[in-house]
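K.L.:
quick one, what's the 3D model for this:
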Amino acid sequence: MLRPESGINQPSWSHPVPNPRLLSTALLLALAFGASAQEPDAAQTADAADRTPAPSVQDILDASPASAWRTLDPASTLYMELEGGRVVFELAPQFAPQHVGNIRTLAKEGFWDGLDIYRSQDNFVVQFGDPNADEAGAKSIGSAKAHLPAEFERSSDGLAFTALPDSDGWAPEVGFVDGFPAGHDSKAGMAWMAHCYGALGAGRGMAADSSTGAELYVVTGQSPRQLDRNITLVGRVVDGIELLSVIPRGPEPMGFYEDPARRTAIKSIRLASEVPAAERGALEVLRTDSPTFAAVTEARRNRRDDWYKVSAGHIDLCNVPLPVREAGADDAGDTAANG
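P.N.:
As a prediction, the model looks like this:
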């Protein structure tokens, strides 16, 4: 099973992939299949394009080397168990270390076990935790910290950033850090996670520092990028997003269920590191600093299959495929890619 999960004049801390505007069909194949050759000249490129069908995303993924993939860190992986199955989250301590630390504590102490998904707003988010968090009967957060600083953004120093070549309306530059969609401002020297589909965030009140990680939400609609740098993002859904996106919508205006019977029960939320090895999943995610990722991105950025008559020559940050597969699914036919 596999689901889909670069620059010129980049800052010294970033690791750009080759600019897709310069990627020929032949070079795409070289990136995907690991060939070591210089980029062909214009005549060779045109001849190769005439003779060689452009590889699809699936072709590229099927041919990817094992080094293009990484396994999830059990200490930064959450399993949400629902009646319909498991949702897998990857946490982002590199962006929100204090919130992730609190979430680990909450998961280890079983805070979410028996609570609910109590909000589902159309084209926006689902939210879960204690629906009575602001009331006298709120569930105790145990030994987790009751106050955390806002972690909306961080210094870009020390981050390995893979930049996309196209412009973005929400940030001077966008790309990926360890698989997480991110924005970057080189003048300010700051970076932040982006609100793409599947992003996991910490709900807050009016005060910027009013989130603890106990109330979490997942983006299930059109990417609400206006929330970037206004709320702490703590991770993303790696697998099982369909279990959240199909939850029936709550009433207007914000999707909070007035009838508790309509809420979706959470059996448990656990850190993978606290789950017996035999009960863990075996997922791998495509490295966003790999040549395979560059080729996948370009294949989606400029669709060359027969159905497409016009290539966009552009890709939005939140439309870049972020592939996930079962460990060992490296034979053709064992993987599948989105769109």
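K.L.:
what's the average pLDDT for stretch 224-232?
P.N.:
Mean per-residue pLDDT for stretch 224-232: 98.
K.L.:
likewise stretch 86-99?
P.N.:
Here the average pLDDT along stretch 86-99 is 98.
K.L.:
same thing with stretch 200-218?
P.N.:
98.
K.L.:
contacts for that stretch?
P.N.:
Stretch 200-218 has contacts (CB atoms under 8 Å, 6 or more residues apart in numbering) with 89, 91, 96, 99-100, 102-103, 106, 111, 119, 125-130, 133, 141, 144-150, 152, 195, 198-199, 219, 227, 231-237, 241, 244. C-beta coordinates here come from the backbone N, C-alpha and C atoms, glycine included.
K.L.:
just stretch 274-285 next, same as before
P.N.:
Contacts of stretch 274-285 (CB under 8 Å, 6+ apart): 5, 69-72, 74, 79, 86, 88, 90, 107-108, 179, 238-239, 272, 322-328.
K.L.:
now it: buried residues?
P.N.:
Applying a neighbour-count criterion of 16 or more other CB atoms under 10 Å, one finds 275, 280-281, 283-285 buried in stretch 274-285.
K.L.:
likewise for stretch 253-273?
P.N.:
255, 257, 263-264, 266, 269-272.
K.L.:
repeat for stretch 196-212
P.N.:
For stretch 196-212, by 16+ other CB under 10 Å, it's 196-204, 211-212.
K.L.:
kindly report the same for stretch 317-328.
P.N.:
Under 16+ other CB under 10 Å, the buried positions of stretch 317-328 are 317-325.
K.L.:
and for stretch 184-193?
P.N.:
Here stretch 184-193 shows 184, 186, 190-193 as buried, counting by 16+ other CB under 10 Å.
K.L.:
now stretch 130-144
P.N.:
130-131, 133, 141, 144.
K.L.:
gap between the two ends of it?
P.N.:
Using CA to CA, to the nearest Å, one end of stretch 130-144 lies 15 Å from the other.
K.L.:
check the offset of that stretch from the chain's centre.
P.N.:
29 Å (CA atoms, centre = their mean, to the nearest Å).
K.L.:
again with stretch 85-105
P.N.:
The chain centroid and the centroid of stretch 85-105 are separated by 13 Å under CA atoms, centre = their mean.
K.L.:
between the two ends of that stretch, what distance do you get?
P.N.:
23 Å.
K.L.:
in what helix or strand does the residue nearest to residue 149 when sequence neighbours are not counted lie?
P.N.:
Spatial nearest neighbour of residue 149, excluding adjacent residues (CB to CB, 6 or more residues apart in numbering): residue 209 at 5.5 Å. Residue 209 is located outside every helix and strand, with elements delineated by DSSP states H and E.
K.L.:
of the contacts of stretch 200-218, select the buried ones using a ChimeraX command.
P.N.:
Selection of buried members from those for ChimeraX, criterion 16+ other CB under 10 Å:
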select :89,91,96,99,100,102,103,106,111,119,125,126,127,128,129,130,133,141,144,148,150,152,195,198,199,219,227,231,232,233,234,235,236,237,241,244
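K.L.:
please flag which of the contacts of stretch 200-218 sit within helices.
P.N.:
99-100, 102-103, 106, 241, 244 (DSSP state H).
K.L.:
kindly reformat the residues you listed as CSV and extend each row with distance to residue 55.
P.N.:
CSV is the format used below for the ones in helices among the contacts of stretch 200-218 (distance: CB to CB, whole Å):
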residue, distance to residue 55
99, 40
100, 37
102, 44
103, 39
106, 44
241, 26
244, 32
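K.L.:
tell me which two in those residues are the farthest apart.
P.N.:
102 and 241 (23.4 Å; CB to CB).
K.L.:
for residue 225, give me its contacts.
P.N.:
169-170, 194-195, 318.
K.L.:
and the buried residues of stretch 253-273 as JSON lines, adding secondary structure and pLDDT?
P.N.:
Listed next are these as JSON lines, based on DSSP: H, G, I helix; E, B strand; the rest coil; pLDDT from 0 to 100:
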{"residue": "255", "secondary structure": "coil", "pLDDT": "97"}
{"residue": "257", "secondary structure": "coil", "pLDDT": "97"}
{"residue": "263", "secondary structure": "coil", "pLDDT": "97"}
{"residue": "264", "secondary structure": "strand", "pLDDT": "98"}
{"residue": "266", "secondary structure": "coil", "pLDDT": "98"}
{"residue": "269", "secondary structure": "strand", "pLDDT": "98"}
{"residue": "270", "secondary structure": "strand", "pLDDT": "98"}
{"residue": "271", "secondary structure": "strand", "pLDDT": "98"}
{"residue": "272", "secondary structure": "helix", "pLDDT": "98"}
